[in-house]
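Asks: sequence plus predicted model, see below.
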Amino acid sequence: MLRRCLRRLPPECDRRDNYRFLMRLDVRFHAVPVEAMRAFLEPLGYRFEWGPELDGIGFHWRKLPLSGTGVRATYFPDGGEGLLVIETDGQASAADVAMQDVTARLLAERFERATVWCATTGRAEYGGGQPAEPPAPGADPPAWYS
């Protein structure tokens with residue numbers, strides 16, 4: 001059955017890239033010192049990457065053999081507002097995308113005035129497509145919302 005489905009793909013479609021994801025999540029929140037962001041991300045498995053030529057403060061998550069190219073997070077502390085850009089590229093695996101989503105959800109739960117915006121879709125949602133807005137008062141939250 002799967003073999004028949006794969007045969008229907010156009011010849012220019014590279015089958016190896018069918019399960020690869022490109023996604024960018026922007027999480028805005030009350031800015032924290034770089035050390036606090038590092039203390040938040042390193043227990044999740046992110047590695048701190050810093051260089052004077054880089055824009056922002058970079059972090060990278062990659063766990064082989066599950067991971068493709070991993071997840072890149074770049075922190076931009078700007079006065080009172082902080083921005084963490086969490087992105088995967090076209091070589092990211094499903095594990096990378098899941099880690100991107102988990103990072104955005106944890107940040108939204110634990111940081112003040114946090115908002116999540118998916119720059120890829122242009123909506124306030126997480127990588128999995130669930131809305132990033134909290135449930136309305138008096139409404140039952142969806143199963144994924146904790």
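Replies: All right, it came through fine.
Asks: could you point out which residue ranges in the protein have low pLDDT?
Replies: Applying pLDDT under 70 to the chain flags the ranges 1-21, 52-54, 134-146.
Asks: just give me the residue right at the centre of it.
Replies: Among the residues of the chain, residue 100 comes closest to the average C-alpha position under C-alpha atoms, centre = their mean, at 2.9 Å.
Asks: please tell me how far that one sits from residue 35.
Replies: According to C-beta to C-beta, to the nearest Å, residue 100 and residue 35 sit 23 Å apart. C-betas here are computed from N, CA, C, even on glycine.
Asks: residue 79 too?
Replies: For residue 79, the distance to residue 35 equals 17 Å [C-beta to C-beta].
Asks: please, where are all the strands along this protein?
Replies: 21-30, 47-49, 57-61, 71-78, 81-92, 115-118 (DSSP state E).
Asks: those strands: which one's closest to residue 127?
Replies: Each of the strands of the chain has some distance to residue 127 by C-beta to C-beta; the shortest is strand 21-30, at 5.1 Å.
Asks: pull the number of nearby residues for residue 133.
Replies: For residue 133, the neighbour count with other C-beta atoms under 10 Å is 11.
Asks: skipping its backbone neighbours, what lies nearest it in space?
Replies: Nearest residue to residue 133 in three dimensions, chain neighbours excluded: residue 124, at 5.8 Å (C-beta to C-beta, 6 or more residues apart in numbering).
Asks: quick one: the helices in the protein, in order.
Replies: With DSSP state H as the criterion, the chain has helices at 2-7, 34-41, 94-110.
Asks: tell me which of those helices sits most buried.
Replies: Ranked by mean neighbour count, these are led by helix 94-110 with a mean of 19 (mean count of other C-beta atoms under 10 Å).
Asks: quick one: that helix to strand 57-61, angle?
Replies: Orientation check (axes from the mean of the first three to the mean of the last three C-alpha atoms, to 10 degrees): helix 94-110 against strand 57-61 gives 130 degrees.
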